[in-house]
Every structure is written in C-alpha cells, then in structure tokens.
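Participant: Just need the structure, nothing else, for what follows:
(one chain, ligands or ions: 1)
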Amino acid sequence: MNTIQIEALVKQMTRLEKIGQMTQITTSFFNVDGAKATGTASRMKDVEQHKWIVGSVLGKLDAASMLRIQRDYLQHNRLGIPLLFMTDVVHGYKTIFPVPLALSCSWNPEVLRRTARVSAVEAAAAGFQVTFSPMVDLVRDPRWGRVMESFGEDRLLLGQFGAAMVEGYQTDDLQQPDTLAACVKHFAGYGAAEGGKDYNTVDLSPLSLYNDYLPAYHAALQAGARLMMAAFNTLNGVPATANTWLLQDILRKQWGFDGTVISDWGAVKELIPHGVAAGSEDAARLSLQAGIEIEMMTTAYIEALPELCEQHPELEQKLDEAVTHILQLKQELGLFDDPYRGVSEAREQEMLLHPSHRQAAREAAVQSMVLLKNQNALPLNPNHRLALIGPFADNQHLLGPWSVDGDPNHTVTVLEGLNQQGVHVQSLSTDDNRIDEDVLHQAIELIQQSDTVLLALGEREEWSGEAGSRASIGLPLDQLKLLRIAAAAGKPVIVVMFAGRPIELAEVAHHADAILMAWFPGTEGGHAIADILTGRSNPSGRLTMSFPYHSGQIPVHYNHLNTGRPAHLLTQEKRYKTQYLDVPNESLYPFGYGLGYSEFAYGDIDADTCELSIDRPLQVSIPITNNGEYTGCETVQVYIHDRVAEIARPVRELIAYQQIELKPGEKARVEYTISAEMLGYYHTDLQYRADPGEFELIIGPDSRRGASVMIRLV
Ligand code: GLC
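Facilitator: As a prediction, this is how the structure comes out:
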C-alpha cells in the first residue's frame, strides 16, 4: 500500500473510524488477561462497537491470542484495517537482559543493539509489532525510580545507546517479521522530575533542554524510530501531552519527524488534574491540537472528538494527519500485506529463551556489571570456603521492574551460578528488609565456618521502576547490620549489590573489601556474577550515573558547572564556597568509573599540534599499557572543559571514548580525531556552534582522572 492508497483509504473512513484508529486499549478488551496497568483506564462505552475500530492494543499477548484477535478484528472491521499490537519490551521480552542503566555501563553500543535485536525476535514471535523503547530521558536524580530505564547522566551516551536500540529493534527493513517499530520516550525532560518524584513538575531552561535533555531524543529519531511518546510531566508549565512547542515546533518543524506520536498511559485525561483541561472535551482538543495521534488507555478522543469536529471542522485535518501517520506505520510494518506477520506458535516456541538469546543476555550482564572496589578479594580464592548470605543469595527476582513478560522461574540465581562453577559455597537467604536475631546468629555461625563472606544485598525490584521513587537511597538498616557483623568477623567481605539505581554505598565501601554493582542483571544474572567472581570474566563496566555519598547531595553529576566559588579551587577558603559542611562535595563513585582485574597505565597525550579549526580537526593519541595479569577491556574516555564560553560550561564533558582489549604486558596507542563540532554547544540564541578559544582536553579512565593538554580552536 503506498501513500496514494493510504490517502484513498482515509477518504473512505468515517470520522468515528478515524478517531478509533487514534484510540489504544489493552488486550484485555479482547479477553487476554494480565495486562499490567500503570495508570487509570477509562471504561469504554459501547465496547462491542468501538473495540472493532480501535487502531491498536497494548498488554499481554502470545502468538495464539494475536492470531485469534487479528482474525476476529478483521472480520469486524469494515475497511479491513489491521490492528497494531504494542508492548513494553524495555530490556528483553522473555529472555531478560540487564536493566538499561546496567546495559549502558557496558559503554558498548553493540551490546545495546544486540539486546534490542534479541528482544525484537522474541516479541515479534509472540505477535507484537511495536515496543515502547528506547527510553532516553537524561537522569541526574537517583531518587527517581525510572533511572533504571535510562542510559544515565550523559547526553552523548544516551543518544548513541538509544540509536543503537532503535537499529536493533527495527534493522533497516521493518517489513521483516522479526522486527519491532521503536517508540522513543518520554518526550521531554521526564528524568528531571522535581525531587525525583515520578510524574512530577519539570522546569528546564531552553539552554538546558537544548544542550542536555533534547539531543538524545533527536539522535534516536535520526536512527529511524517510527514513534515518539509524550511524557506525563509538565514542561515549563505546560504538560508535554498538550505542549505544542514540543510536539509541533521541535518535533515536527525543527526535527522533521514524520512518524506517529502517542500519549503515555492515561496522559490525555491527566490534563484535567494537571489543571489545563476542564474535562474530557478540553483534554481531547488540547491533545489533538498539540499533536497526540494515539490516546493510550483513556477514551477522551472517542468520547469528545466526534462532537468537537462537528463544532470545529478545522480539527478534521488533524484527524486526517494522525490517521495517515498511523496507517503509514501499519504499512511500513507490512501489516496490509500480512496482518499476521508470519506469527506462529511454532516460531514462538522456538524463539523464546533460545539458548543463543540466553548466552547474549549472559554476555551483556558480564559487560554491564561494575566493580567498584577490590582490595585483593577478587577473583575468589578457589580454595576458600564461601559463605553466601543475604536477600539476593538465592533469589530469582533479578529481572528488574520493567521485565513485563519475563518469568523469574527461568532466572539463574547467584547460588546456582556459583554452584555450576564448582565454588565451595554455603548459603543463607534472608529477607531484604527485616533480618531477625535468629537469622543473624545463623549468619554468624556460617561465617565462622567459612574463609570468605559474600553478601548479596540491595533493594527489591519494586523499589525502582515506574512510581518507584525513594526519598533516601540507602540500604535497609538490617542489611547494614548484617554487613557490620560480617566485617567484624575479620574475613574478606565481598558485596554484590542489586538495585535499579545508584545506592548510598559509603558504609558498604567502609566495611567491604570488594563491591560488585550487579544492578538487575536479568535471566542470566547468576551465571554472569559467577563468571566475574571466579575470574572467568574480567569486569569492564563503567558507571554512567554518579553514586552520591548521601541522598542529600542529589543532584550530583559529573558534568556540573564550576560556579563562582568552586570548592576544589578555593582550598584556602574554609566556608564561603560551593560545598556541603557535612558530606564531601563530589560523588563517592564518579561517572565513567569502574575497576577490573587488569591494571591499565596511561601515558601522556600526544598531539600533532594543539590547534584545530573547523576545517582541520586535531589528531591526538595516548599510550596505554596493561600492567596486570589478566587480559582486560579498558574504556578510554575523552573529556573537554571549555574554559571561557558565552555561557558557563560543564567542568567535564564526554566527547569521545574507545574500548581496547589488552593482554598482560601489552601496550597500545589509542587515537582520536577531535573536531570543532565536538567542542560546540547551544548558545543563548539557541544555535549550535563552537567558540574559538582554549579548551582543556582530558583523556583518562573516568571523569575524575586522566592526562590533560590545552588545545585551541582557531
Ligand atoms: C507507562 C509508562 C510508559 C509505558 C506505558 C505503557 O505508564 O510511563 O513508559 O510505555 O505506560 O505501559
């Protein structure tokens, strides 16, 4: 079906049929149970008539029910327009990969691309055609539960990893039956919710939006994503769902987006509590005028638009634009040629949890974990008797809060992973919140019989994710009590930490000899953890979100401004500078940080000159040596500090990075081309350009350390 035929089809549609295409309900309306509700859902009047004209559904599905629903639907739909099936495949469908914040710590777009590819193969086999992913909201506040879905605090990584997931979901041919159309979200600025409380108010300056928060959404669209989801939050007073500046001026006019725009769950009717709509009619009008083309889970459109369009005929054109985008999406997915996209129960059976998918998940989990501390405690001594204790010792809930269709029964636990690698381990599982005296006594006995203590600690899955905001991001007190008991025994204490966010780890860092941040590592979590603890794999993950000493420091992120009284410069001044009196000024573990079993040494930066221009980029390189005993992967990071600019610029900005694997004793020279484009930013006129002048160029293992040179843009 080409554009001409779509136009002809739109002309045949009644107004109600057009509005139906713009309405999305759950699969439960078609007798499939288990759709996960993350907001209110309107009861649809006249369900029997309307459900055969809705354009799409989201929620629980399998191959058999998709085939049944599509068949019934096509028998009832007057024009034979196929139904579209959407879902949240965020980091895996049935084979669950680490949560996106973990995946981002691989600093490897190929890991993201492969995660999305496997996710698409499995979800498409189950009947889905669209996923609400990638989420590319920039985050600086770990109190917000949805940081687990993000790729962290840096806009370059967010954009690259979001684009990689789009490519993995869609490939270059959406007509292929094992692809998913990607929906970028949440447009825009959702990660800046005030106080880290979900759905909360967002106020961002134009410069902050243009320089930090918007680039990643744009990069994901430039990778070809076919949908954009509007965010729940207000942006500078106007809810994103009704924000014409966002959805028209930026998305359509500046970026030229020609795909479909969908609301978030119930967000159209949420314009009423937001206080910009008096009722459903207002909500429908404002959303339609702003550019929402599919209303998710509420029915303001189907209730109010027929009458509204009668009163305001000019709205009819908005209907036609929206329906054209929706039909084009269905056509791009090949649904007019094959509404079933080759789905079969046999293929579903073959694809879900395929061994090659599990292997990909295991490899992704190994690359996502971050070794935060290691004082000669890891790799494990194979002759040591290990005491494995804590709420995650033998716990299958390692999938994370957005593993909608994952099944914990398939998860490999830490205990299983260690057993399968022949580690001599005795385990004691505890509750994650309350650890009674008798359990603590059992722990003491177990520790006395062991040589090394491995504590599997953290926060439960539902403490992060959507609506998973916490005012304090510390560990439960009883887990800290267990940690102190273990430390008092005088044996090596290793902590494996499970969470969907950065956690306050100052006390853990004080007591533990080693800390491995495992996040929520997914279906293969236990295997990946055992791979790292035994030294079978060398950890290479690097943080993409800073870990604060204390919740009170939040927001603490690497790319902050210097201020007029930077604490690190005013060393003589004890009080009157940018600092806290009661906690250190910087993060406990910074962006880009991570350890491994190798020891990488950096030499000095070599540059053919220290000058570059728009026409002549700068070639720089740096020698790296692996002085350790393990082959390892190092992520060599390049930052700049624009010393004098039209606006205050961050003290560090990531502009490039490369990963290099070196054998013990091996040396290599890592080379970069620095362009003027990399040194640019949006000025007060909201135009992107680089200023001539001096820049500090830093190359190192993380955002806090490295060799530096001054370079000049002429
Ligand atoms: C949720 C989330 C969004 C998700 C949608 C569908 O409320 O905000 O990220 O894709 O609803 O489940």
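Participant: Spit out the contact partners of the closest residue to the ligand within the stretch 51-200 of the chain.
Facilitator: Closest residue of the stretch 51-200 of the chain to the ligand, Cβ to the nearest ligand atom: Phe132 (3.3 Å). Quick note: C-beta positions are derived from backbone N, CA and C, even for glycine. With contacts defined as Cβ atoms under 8 Å, 6 or more residues apart in numbering, Phe132 is in contact with 58, 86-90, 183, 185, 229.
Participant: Of these, which count as buried by neighbour count?
Facilitator: The neighbour-count test (16 or more other Cβ atoms under 10 Å) applied to those identifies 58, 86-90, 183, 185, 229 as buried.
Participant: Thought Thr26 was touching Leu58, still the case?
Facilitator: Yes - counting by Cβ atoms under 8 Å, Leu58 sits close enough to Thr26 to count as a contact (6.0 Å).
Participant: Go through the host helix or strand of Ile711 and flag the buried ones.
Facilitator: For Ile711, the element it lies in under DSSP states H and E is strand 707-713. By 16+ other Cβ under 10 Å, the buried positions in strand 707-713 come out as 709, 711, 713.
Participant: residues near the closest residue to Trp144 other than its chain neighbours, how many?
Facilitator: Nearest residue to Trp144, sequence neighbours excluded (Cβ to Cβ, 6 or more residues apart in numbering): Gly196, at 4.0 Å. Gly196 has 25 neighbours, counted by other Cβ atoms under 10 Å.
Participant: and Ile554, what is it in contact with?
Facilitator: Contacts of Ile554 (Cβ under 8 Å, 6+ apart): 140-143, 196, 548.
Participant: and if we set it to 6 Å?
Facilitator: By Cβ atoms under 6 Å, 6 or more residues apart in numbering, the contact set of Ile554 is 141, 548.
Participant: Could you tell me the model confidence score at it?
Facilitator: pLDDT recorded at Ile554 is 96.
Participant: Flag every residue of this structure that's near the ligand.
Facilitator: 38-39, 58, 88, 132, 185, 264-265, 466 (Cβ under 6 Å from any ligand atom).
Participant: swap the cut-off to 8 Å and go again
Facilitator: 36, 38-39, 58, 87-88, 90, 132-133, 135, 146, 149, 183, 185-186, 229, 232, 264-266, 296-297, 404, 466 (Cβ under 8 Å from any ligand atom).
Participant: Filter those residues down to the ones in strands?
Facilitator: The strands, defined by DSSP state E, take in 58, 87, 183, 185-186, 229, 296 from these.
Participant: Quick check: the two most widely separated of these?
Facilitator: Thr87 and His186 (16.2 Å; Cβ to Cβ).
Participant: Please, where are all the strands along the stretch 201-350 of the chain?
Facilitator: For the stretch 201-350 of the chain, strands defined by DSSP state E, counting those that start in this stretch occupy the ranges 227-230, 234-235, 238-239, 260-262, 295-296.
Participant: okay if I get those strands as TSV plus mean pLDDT and distance to Trp519?
Facilitator: Shown next, in TSV, are those (pLDDT from 0 to 100; distance: least, Cβ to Cβ, whole Å):
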stretch	mean pLDDT	distance to Trp519
strand 227-230	99	24
strand 234-235	98	29
strand 238-239	98	32
strand 260-262	99	28
strand 295-296	98	28
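Participant: Figure out which of those is closest to Leu428.
Facilitator: Closest among the strands of the stretch 201-350 of the chain, using Cβ to Cβ: strand 227-230, at 43.7 Å.
Participant: Parallel or antiparallel, which strands does that closest one pair with?
Facilitator: Using DSSP bridges, strand 227-230 pairs in its sheet with strand 181-187 (parallel), strand 260-262 (parallel).
Participant: Just put the ones you listed in CSV and tack on distance to Gly237.
Facilitator: Listed next are the strands paired with strand 227-230 as CSV, based on distance: least, Cβ to Cβ, whole Å:
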stretch, distance to Gly237
strand 181-187, 16
strand 260-262, 20
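Participant: Of those strands, which is nearest Ile81?
Facilitator: Here strand 260-262 is closest among those (Cβ to Cβ), at 14.5 Å.
Participant: Quick one: residues in contact with that closest one.
Facilitator: Counting by Cβ under 6 Å, 6+ apart, 227-229, 291-294, 296, 325-326, 329 sit against strand 260-262.
Participant: One more: stretch 307-315?
Facilitator: Taking Cβ under 6 Å, 6+ apart as the rule, stretch 307-315 contacts 15, 285, 316.
Participant: how deep is the second one tucked in, by neighbour count?
Facilitator: Looking back up the chat, that one is Arg285. Counted with other Cβ under 10 Å, Arg285 comes out at 22.
Participant: Let the chain start at 500 from now.
Facilitator: Got it, first residue is 500 now, which makes that one Arg784.
Participant: which residues sit in contact with it?
Facilitator: Arg784 neighbours (Cβ under 6 Å, 6+ apart): Leu807.
Participant: Please apply the same query to Gly1199.
Facilitator: Going by Cβ under 6 Å, 6+ apart, the list of residues near Gly1199 reads Gly1205.
Participant: again, but for Val588
Facilitator: 618, 622, 630, 632.
Participant: Can you pick out the most distant pair from those residues?
Facilitator: Ala622 and Ser632 (10.1 Å).
Participant: Worst mean pLDDT across the helices and strands of the protein, which element?
Facilitator: helix 546-549 (a mean of 83; mean pLDDT, DSSP states H and E).
Participant: measure the residue nearest to the spatial centre of the chain to Glu1165 for me?
Facilitator: Per Cα atoms, centre = their mean, the C-alpha nearest to the average position across the chain is that of Ser649, at 2.5 Å. Distance, Ser649 to Glu1165, by Cβ to Cβ, to the nearest Å: 35 Å.
Participant: One more: Pro1020?
Facilitator: Pro1020 is 29 Å from Glu1165, by Cβ to Cβ.
Participant: Tell me which of those two has more neighbours.
Facilitator: Pro1020 (32 against 15).
Participant: ok, that one touching Pro597?
Facilitator: Yes - judged on Cβ atoms under 6 Å, Pro1020 makes contact with Pro597 at a distance of 4.9 Å.
Participant: what residues do the two have in common as contacts?
Facilitator: Ala864.
Participant: and the residue of the stretch 1100-1213 of the chain found nearest the ligand, how many residues sit next to it?
Facilitator: For the stretch 1100-1213 of the chain and the ligand, the shortest gap (Cβ to the nearest ligand atom) falls at Leu1153, measuring 26.2 Å. Using other Cβ under 10 Å, the number of residues around Leu1153 comes to 22.
Participant: Perfect, that will be all.
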